[in-house]
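Colleague: structure for the following, please:
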Amino acid sequence: MKTVRTRIGEYLVREDLLYTEADEWVSVLGDVATIGVTDYAQKKLRHVVSVELPEPGREVRRGDVLATLESVKAIADVYAPVDGVVVEVNEELASSPDAINRDPYGSGWMVKLRVRGPLPRLMSPDDYAEYVRRREEAK
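Modeller: Below you'll find the predicted structure:
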């Protein structure tokens, strides 16, 4: 199955994911949410050189710092978009943090959480694309 993507300038938004205003993407399968940063976020950071991920078993609340990315340009926090418990982290990012730049929606995923409680309202692909568009136009 081919993944449908929307292009906003140089940025790609996948049509099968949900998004946050802090530029995280979320894919929910059953009660597990896979989380990463968007193409927009990784391009703004430029070359990611290290990733600090949480330990499996850690409980997080929506809005907690979930991970920290260091790039040649900046240090950025990744926030938990849902309440949950960390069930898996992408161990490959320790040796290949640039996977976030190469494939932010695939091999650059960061954390899987077992969701606790109801899902909060997240942005649809269309809403996120418009959000990116507005931010780019405001420059």
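Colleague: and the helices in this structure, which stretches?
Modeller: Along the chain, the stretches classed as helices by DSSP state H are 39-45, 92-95, 99-102, 125-137.
Colleague: so which of those is the most surrounded?
Modeller: Mean neighbour counts were compared across these using mean count of other CB atoms under 10 Å; the top stretch is helix 39-45, at a mean of 21. Every residue, glycine included, has its C-beta placed from N, CA and C.
Colleague: I would like the residues contacting that helix, please.
Modeller: Contacts to helix 39-45, defined as CB atoms under 8 Å, 6 or more residues apart in numbering, come from residues 8, 10-13, 23-24, 37, 48, 69, 71, 73-74, 76, 100-101, 104-105, 108, 132.
Colleague: repeat that for stretch 115-124.
Modeller: Stretch 115-124 is contacted by residues 18-21, 26, 28, 31-33, 59, 62, 81-85, 131 when judged by CB under 8 Å, 6+ apart.
Colleague: do you know how far the nearest residue to R102 once chain neighbours are set aside is from G117?
Modeller: What sits nearest to R102 in space, not counting adjacent residues and going by CB to CB, 6 or more residues apart in numbering, is G108, at 6.8 Å. Relative to G117, G108 is positioned 27 Å away (criterion: CB to CB, to the nearest Å).
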